[in-house]
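Visitor: 3D, please:
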Amino acid sequence: MYLCKKLIHHSLLVINHWSLVIIMKRSTIYLFIALHIEVALIFAGLTLLLFTYLRGEPGSIPIMTNILPASLISFSLGYLAGEYLPWAKLPPWGRFWLGLGVFYAIFAISSLLGFYVMGLIYGNLSDDYWRLFYVFFLFTSILILLIGGTLGTALSRLKKF
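Guide: Model prediction:
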């Protein structure tokens, strides 16, 4: 519980810093909070898979290099989705489903492109890395849908954008 409070507090500090630089809509702020949680879960999930599935072998370290490009892609797409999608024009149930779908789509796109960038950096990837991607995608999709549902609920309760 304490870790969640610290993570949310850190996310709000980062978002407050960004909001001083760029005026963001409330939907973008909610997306950024959810994306902070997503990146933290992805880092934890990849670390867990690194030491359980690949057993921490020296050749398994490249798996961690996809976090930076994936998180940059996630935050870029999150900013665009929060700012340019018509959140205010949708009914509450539409904002819920759009929030859930957009968040899952951002996760899918950033994960695929993150692993693709890792493949570009390290050359041809073995089948173990792609098997690891499928395991990672399967197990984290459940958590991402839960975070996306929470995001959708928060977006559906917004009165002022």
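
Visitor: now for the helix or strand encompassing G148, which elements pack on it?
Guide: Element membership for G148 (DSSP states H and E) is helix 127-156. Applying 3 or more C-beta pairs under 8 Å, 6 or more residues apart in numbering; DSSP states H and E, one finds that helix 127-156 contacts helix 26-52, helix 92-122. Using the backbone N, CA and C atoms, a C-beta is placed for each residue, glycine as well.

Visitor: right, and the ones you listed - which one's nearest F136?
Guide: helix 26-52 (5.8 Å; C-beta to C-beta).

Visitor: okay, the angle between that closest one and helix 92-122?
Guide: Here helix 26-52 runs at 40 degrees with respect to helix 92-122, directions being taken by axes from the mean of the first three to the mean of the last three C-alpha atoms, to 10 degrees.

Visitor: report the angle between helix 26-52 and helix 127-156.
Guide: Using the same axes, to 10 degrees: helix 26-52 against helix 127-156 is 150 degrees.

Visitor: output the next helix or strand after helix 26-52 as CSV, nothing but the C-alphas.
Guide: As assigned by DSSP H and E, the chain's next helix or strand after helix 26-52 is helix 67-84. These are the backbone C-alpha positions of helix 67-84, laid out as CSV (Å, rounded to 0.1, in the frame of the first residue of the first chain):
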residue,chain,number,x,y,z
ILE,A,67,11.8,-0.9,-21.6
LEU,A,68,13.2,2.5,-22.6
PRO,A,69,11.8,2.6,-26.2
ALA,A,70,8.6,1.0,-25.1
SER,A,71,8.0,3.6,-22.4
LEU,A,72,8.9,6.5,-24.7
ILE,A,73,6.4,5.1,-27.3
SER,A,74,3.8,4.7,-24.5
PHE,A,75,4.1,8.2,-23.2
SER,A,76,4.1,9.7,-26.7
LEU,A,77,1.0,7.8,-27.7
GLY,A,78,-0.6,8.5,-24.3
TYR,A,79,-0.1,12.2,-24.8
LEU,A,80,-1.6,12.2,-28.3
ALA,A,81,-4.6,10.1,-27.2
GLY,A,82,-5.3,12.3,-24.2
GLU,A,83,-5.0,15.5,-26.1
TYR,A,84,-6.6,14.8,-29.4
